[in-house]
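Trainee: Got a predicted model here, sequence first, then my questions.
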Amino acid sequence: MSASADQPKVPRHVAVIMDGNGRWAEKRGRPRLFGHRAGAESLRAVLRACRDHGVEYLTVYAFSTENWVRPADEVSGLMSLLKTFLKKDEHELHENQVRLLATGRLQDLPDSVREELERVIAATRDYRKGNLILALSYGGRAEIADAVRAIAAKVRAGQLDPETIDEKSIAAHLYLPDVPDPDFLIRTSGELRLSNFLLWQLSYAEFYFTETLWPDFREAEFAEALAEYARRHRRYGAHA
Ligand code: IPE
Ligand code: IPE
Ligand code: MG
């Protein structure tokens, strides 16, 4: 039996860089926020598709540490869209028993957004039928820097012997240590880069890039991506 025959055909954890909202809106002569709103519909569609296909974890890059430099009206528009999403879609999370989690420098979010986020996280904490992880004010390097700072503080306090630091203990200090690494990364809109997303966790993920802009990425496009994943042969450094 070949190694690939043993590999699950459905990724347990899918990570998505939801890119192209602005270009989608510009093509229609509409403001960028119109694209972000349409992008929120794609998130709803992909979340439903995850349930239908049996994907346990969905992590979406919703706002990066770098996105704070965008014009103030776009940033505030994105923040209010996020609040709307949390309010409007909370019932879907309950109906489908989906747990909400967040990753990133959440302390940088406006208080009203953070409070709403924390409220829904607490309200869904016991669900395990699915997991939706919002990456917010997230940066891969920031996450690693925060982990290093936490580890260094433990060393200084005499709680941790530097000789024992290994990959496992570093991973244990990342924002969501209990979430398995993504198996599959999707980036829409034709850009071929990571843009500082999950640098540590994506070490062995399969990558999928599509020209489709995020607001056009719905159930059918997601199913197509999963079909491509099923054809991949993950080797993890072993021989073919
Ligand atoms: C992705 O779409 C959403 C966020 C980064 C918040 P963009 O806003 O980056 O859209 P493009 O890349 O400019 O088309
Ligand atoms: C990455 O998209 C961040 C999110 C999707 C939230 P960007 O549009 O910010 O990335 P760059 O600027 O093209 O690298
Ligand atoms: Mg972009």
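Mentor: On my side now, so go ahead. Ligands and ions are numbered 1, 2, ... in the order given.
Trainee: Can you tell me which residues in the protein are near ligand 1?
Mentor: M18, D19, G20, N21, G22, R23, F63, N67, L78, S189 (CB under 6 Å from any ligand atom). Where C-beta positions appear, they are placed from N, C-alpha and C, glycine not excepted.
Trainee: what number of residues lie near the nearest residue to L199 once chain neighbours are set aside?
Mentor: Nearest residue to L199 in three dimensions, chain neighbours excluded: G140, at 3.3 Å (CB to CB, 6 or more residues apart in numbering). Neighbour count for G140, taken as other CB atoms under 10 Å: 20.
Trainee: Check A230 too.
Mentor: Count around A230 with other CB under 10 Å applied: 13.
Trainee: How about the contacts made by it?
Mentor: Listed by CB atoms under 8 Å, 6 or more residues apart in numbering, the contact set of A230 reads K9, V10.
Trainee: Can you point out the buried residues in the one helix or strand it maps to?
Mentor: Assessed by DSSP states H and E, A230 sits inside helix 219-231. For helix 219-231, burial by neighbour count (16 or more other CB atoms under 10 Å) applies to E221, F222, A225, L226, Y229.
Trainee: In contact with the residue nearest to T188 when sequence neighbours are not counted, which residues?
Mentor: Nearest residue to T188, sequence neighbours excluded (CB to CB, 6+ apart): W214, at 4.5 Å. Neighbouring residues of W214 by CB under 8 Å, 6+ apart: M18, D19, G20, N21, W24, G39, S42, T188, S189.
Trainee: cutoff 7 Å now
Mentor: M18, D19, G20, N21, G39, S42, T188, S189 (CB atoms under 7 Å, 6 or more residues apart in numbering).
Trainee: okay, now S112: neighbour count?
Mentor: That count, for S112 with other CB under 10 Å as the rule, works out to 11.
Trainee: and the residue of the chain found nearest ligand 1, which of the three is it?
Mentor: Nearest residue of the chain to ligand 1, counting by CB to the nearest ligand atom: G22, 2.8 Å away. When classified by DSSP: H, G, I helix; E, B strand; the rest coil, G22 comes out as helix.
Trainee: wait, doesn't it sit right on F34?
Mentor: No - the pair G22 / F34 is not scored as a contact, 9.7 Å apart, by CB atoms under 7 Å.
Trainee: list the buried ones in the longest helix along the chain?
Mentor: With secondary structure taken from DSSP state H, the chain has its longest helix at helix 72-95. Neighbour counts over helix 72-95 (16+ other CB under 10 Å) mark G77, L78, M79, L81, L82, K83, F85, L86, D89, E90, L93 as buried.
Trainee: now for it, which elements pack on it?
Mentor: helix 32-53, helix 111-123 (3 or more CB pairs under 7 Å, 6 or more residues apart in numbering; DSSP states H and E).
Trainee: Let me see the residues that make contact with that helix.
Mentor: Against helix 72-95 from outside (CB under 7 Å, 6+ apart): 32-33, 36-37, 40, 44, 62-63, 68, 100, 110, 112-113, 116-117, 120, 123-124.
Trainee: and it, what's its mean pLDDT?
Mentor: In this model, helix 72-95 carries a mean pLDDT of 98.
Trainee: low-scoring stretches of this protein, by residue?
Mentor: For the chain, the stretches flagged by pLDDT under 70 are 1-5.
Trainee: which element is the residue in the chain that ligand 2 sits nearest to on?
Mentor: Proximity of the chain to ligand 2 (CB to the nearest ligand atom) peaks at S195, 3.6 Å away. Under the criterion DSSP H and E, no helix or strand holds S195.
Trainee: G237 too?
Mentor: Under the criterion DSSP H and E, no helix or strand holds G237.
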